[in-house]
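Student: show me how the following folds:
(4 chains)
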Protein chains: 2
Amino acid sequence: MPAPRRVSQEDLVAAIRRIAEAEGIDAVTMSSVAAEVGVRTPSLYKRAAHRHDLLRLAAEDAVRELVDGMAELGAPGRTPAETLTGLARALRAFAATAPRVSALLFAAPSERAAPSRASAEPLLGALLTAVSAAVPGDPLPAARTFTAWVYGFCTMEQAGAFRLGGDVDEAFEYGLDALLSTIGARP
Amino acid sequence: MPAPRRVSQEDLVAAIRRIAEAEGIDAVTMSSVAAEVGVRTPSLYKRAAHRHDLLRLAAEDAVRELVDGMAELGAPGRTPAETLTGLARALRAFAATAPRVSALLFAAPSERAAPSRASAEPLLGALLTAVSAAVPGDPLPAARTFTAWVYGFCTMEQAGAFRLGGDVDEAFEYGLDALLSTIGARP
DNA sequence: ACCTGAACACCGTTCAAGT
DNA sequence: ACCTGAACACCGTTCAAGT
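Tutor: Alright, predicted model coming up:
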């Protein structure tokens, strides 16, 4: 006697992200998520065999949302500098609205919680394409430098690491300009 | 009838860091740490009122170790570029030996787990001094750019985010050179 | 002053039994 | 095919009682 699935994937992921942002990653438990979607805890194991799978679902959903939100960034008319500026600002804006999950994107607590290579591909692809168009030769070191800076900045900002005063927006634009200059993506 | 303290602060912190690096931050529990130092769980509450206090103890110990290891970096004879190069390489080497705690340094899971301003001061002070000597005017944006890049790079490297092949050492040196150039710390 | 056993509400995970 | 109650070993935290 087949029983219908009672919780959509959309509702499940939304519940995970809601709890993560409202109460922190540690509050994303099998119990809290089950309660949030209205089933008993053991039912959740049909959808996520381990707790860290819940975190991966949230992280992959975040990547998808990020990619959707900047579909037009890679448009043919744009310069590499424009694309990379858009990417960096989009990631920072996303980190501001979803700080907990965005911290998971490049530094998950386990392999199991990390977004799959396939789900991260569109994001990395857009980045590599833009960097390739700017630097001669191997784009990988420049792409890694750029990504490390954006990710580090957004993570630190959301963790409250910039406590010495000063204008954080200004520091971001300073850094963006500096990074674009050194990797040669400057008009 | 006073009872003597049975666990030294050194042993306690060493136990926390041992568990963190061997089994991950999530494995640092009141129970596991208590067992590791040879007391019962409730005794630990005399030393750390909450689990995140254990993480802060580890993070502050890591900062202290980092600062000790580069006491000579700020020596009068050095150029800003030499000091910043030493800082960046020291942080990367430290992240390689203590990846779990170093991930906590600038992005702790809660205020309680974050190293205190006072304990982080020597590290930030050395950085700001070196950057101030290189850039004219406000050193804060440049210092934040540099720190964000180093921290992002080390965190991503240790989390296994650089999976596209290529030489990660080369990417680090490329980035270091790029960052030093843009903030003007170049001979 | 520090340590302990007992207790409480919780958590991840498994599994046999329901529909 | 999915959901559930019951069960297990665990966890953070509190507290009264020991020395």
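Student: mind giving me the packing neighbours of the helix or strand of chain A with the lowest mean pLDDT?
Tutor: Using mean pLDDT, DSSP states H and E, helix A:117-134 stands out as the lowest-scoring helix or strand of chain A, at a mean of 94. Contact partners of helix A:117-134 among helices and strands, from 3 or more Cβ pairs under 8 Å, 6 or more residues apart in numbering or on different chains; DSSP states H and E: helix A:51-69, helix A:80-97, helix A:140-158. Using the backbone N, CA and C atoms, a C-beta is placed for each residue, glycine as well.
Student: and the shortest one with chain B, contact?
Tutor: No - contact check for helix A:80-97 against chain B, using Cβ under 8 Å from any Cβ of the partner chain: none in range, with a minimum separation of 11.1 Å.
Student: ok, stretch A:101-111 next?
Tutor: Yes - under the criterion of Cβ under 8 Å from any Cβ, stretch A:101-111 makes contact with chain B via A:103, A:106-111.
Student: how far off centre is that stretch?
Tutor: Put simply, stretch A:101-111 sits 8 Å off its chain's centre (Cα atoms, centre = their mean, to the nearest Å).
Student: stretch A:149-157 now?
Tutor: Relative to the centre of its chain, stretch A:149-157 is centred 11 Å away, using Cα atoms, centre = their mean.
Student: hmm, back to that, closest one to B:M30 among the helices and strands packed on helix A:117-134?
Tutor: Closest of the helices and strands packed on helix A:117-134 to B:M30 is helix A:51-69, at 19.2 Å (criterion: Cβ to Cβ).
Student: for that closest one, give the mean pLDDT please.
Tutor: Averaging pLDDT along helix A:51-69 yields 96.
Student: who's in contact with it?
Tutor: Contacts with helix A:51-69, where a contact means Cβ atoms under 8 Å, 6 or more residues apart in numbering or on different chains, come from A:12-13, A:16-17, A:20, A:25, A:28-30, A:33, A:44, A:48, A:90-91, A:94, A:98, A:101-102, A:104-105, A:108-110, A:112-116, A:119-120, A:122-123, A:126.
Student: do that again at 7 Å, thanks
Tutor: Outside of helix A:51-69, the residues within contact range by Cβ atoms under 7 Å, 6 or more residues apart in numbering or on different chains are A:13, A:16-17, A:20, A:25, A:28-30, A:33, A:48, A:90-91, A:94, A:98, A:101-102, A:104-105, A:108, A:110, A:112-116, A:119-120, A:122-123.
Student: give the buried residues for that helix.
Tutor: A:51-63, A:66-67 (16 or more other Cβ atoms under 10 Å in any protein chain shown).
Student: go on, stretch A:87-106?
Tutor: Neighbour-count burial for stretch A:87-106, counted by 16+ other Cβ under 10 Å, picks out A:87-92, A:94-95, A:98-106.
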